[in-house]
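Undergrad: Curious how this folds, go ahead:
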Amino acid sequence: MKHKFLFVGGHHRSGTSPLYGLLCSDRSISCFRDTGVIEDEGQYLQSVYPPNREVGGKGAFCLDDRAFLTEQSSLVIQARKKLMWDNHFMKIQTASLLLTTFLICCPDTLVMADDAEASHPEYSVVTQGTRELLRADGSDFVKILVDASNLGGNEVEIAEITFAPNYVGGGHPHGSMEIFYVLSGELTHVVNGKGATLEPGMVGIVRAGDTVEHINNADVPVKTLVIWIPGGEIERSFGGAQMQPIEPLVIEDMAR
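TA: Numbering: from 1, shown residues only. As a prediction, the model looks like this:
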């Protein structure tokens, strides 16, 4: 039987366990179940590379050179490959798709650890946005509501975008998933040549790499709330534009 492999990788608390559990609920997928190890994680079911607890534990393992494995690692030899197969995948090769989890270090989201626990990022608990842009041709208005500067991380970005009457945007891809929620007006949302007209309360979605086009056929503006997951799309889309900063809100101490 030919097998396809699906590796679910991520840092601690990044959501790998819920995703793994969801995929495992499909019985046509082979995965580790009831193994007796934490979260049925593949790292504890093999003897090729050290599990995170041997190189610092949660979060801190990313700071240990022994956890930094690349194609040039001394572990990448034929004997180790066979050992990984024997003590890892031979247990679950009952279906054509084999699923396992592993831990990776993500430099963009890695938080230095103290006593193996991630430190708490600074962020704004309330905000009215960080900056805004009105294009010179009046084609759209962009108000950045959430970015790394007030979120304390790059997990998500949120903006309010208003499309001018009779706006026609050219097809383009994004590096992040983009989700549009229409607040007012009607927006034509086309992805890879297929789409519909979104009315208030409707949602348009485009995954990273797909081609999206937006059109406002009406004589009134369309106001939308846009979410990018993960962040980074603001810089890619508007990095060269001159934006006006928004005065941050004064946050009061309301502790009792």
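
Undergrad: Isn't W228 up against F180?
TA: No: with contacts counted by CB atoms under 8 Å, W228 stays clear of F180, the gap being 10.5 Å. In short, each C-beta sits where N, CA and C put it, glycine included.

Undergrad: Comparing the two, which residue is more hemmed in?
TA: W228 (23 against 20; other CB atoms under 10 Å).

Undergrad: If we go by neighbour counts, what in the helix or strand where the more buried one lies is buried?
TA: Using DSSP states H and E, the element containing W228 is strand 222-229. In terms of neighbour count (16 or more other CB atoms under 10 Å), strand 222-229 has its buried residues at V222, K223, T224, V226, I227, W228.

Undergrad: Counting by contacts, list what the next helix or strand after it packs against.
TA: Sequence-wise, the next helix or strand downstream of strand 222-229 (DSSP H and E) is helix 233-238. Where contact means 3 or more CB pairs under 8 Å, 6 or more residues apart in numbering; DSSP states H and E, helix 233-238 is packed against strand 157-163.

Undergrad: what are the pairing partners of the strand it packs on, and which direction each?
TA: Here strand 157-163 is paired, per DSSP bridges, with strand 140-146 (antiparallel), strand 222-229 (antiparallel).

Undergrad: Can you convert those strands into JSON lines and add a column each for mean pLDDT?
TA: Shown next, in JSON lines, are the strands paired with strand 157-163 (pLDDT from 0 to 100):
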{"stretch": "strand 140-146", "mean pLDDT": "91"}
{"stretch": "strand 222-229", "mean pLDDT": "96"}
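
Undergrad: With distance to C31 as added columns, please give those strands in CSV.
TA: What follows is the strands paired with strand 157-163, written out as CSV (distance: least, CB to CB, whole Å):
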stretch, distance to C31
strand 140-146, 35
strand 222-229, 25
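
Undergrad: Figure out which of those is closest to I29.
TA: I29 lies closest to strand 222-229 among the strands paired with strand 157-163, at 24.4 Å (CB to CB).

Undergrad: hey, which helix or strand in the protein has the poorest pLDDT?
TA: The weakest-scoring helix or strand in the chain, judged by mean pLDDT, DSSP states H and E, is strand 113-114 (a mean of 36).

Undergrad: Show me which of the buried residues of strand 222-229 is closest to D64.
TA: W228 (32.2 Å).

Undergrad: Show me what the closest one bridges to in the sheet.
TA: Taking DSSP bridges as the rule, W228 bridges to E157, E178.

Undergrad: got the residue ranges for the strands in the stretch 1-150 of the chain?
TA: Along the stretch 1-150 of the chain, counting by DSSP state E, counting those that start in this stretch, strands occupy 4-10, 29-30, 97-103, 113-114, 117-118, 131-134, 140-146.

Undergrad: Comparing those strands by mean pLDDT, which bottoms out?
TA: Sorting the strands of the stretch 1-150 of the chain by mean pLDDT places strand 113-114 lowest, at a mean of 36.

Undergrad: which residues touch R66?
TA: Contact analysis of R66 by CB atoms under 8 Å, 6 or more residues apart in numbering lists P50, E54, V55.

Undergrad: In ChimeraX, select just the buried ones from those residues.
TA: Only the buried entries of these go into this ChimeraX selection, using 16+ other CB under 10 Å:
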select :50,55
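
Undergrad: hang on, the earlier thing: out of the buried residues of strand 222-229, which two sit at the greatest distance?
TA: The distance between the two most remote of the buried residues of strand 222-229 (CB to CB) is 18.3 Å, for V222 and W228.

Undergrad: Wait, I205 touches S176, no?
TA: No: with contact defined as CB under 8 Å, I205 does not count as touching S176 (11.9 Å).
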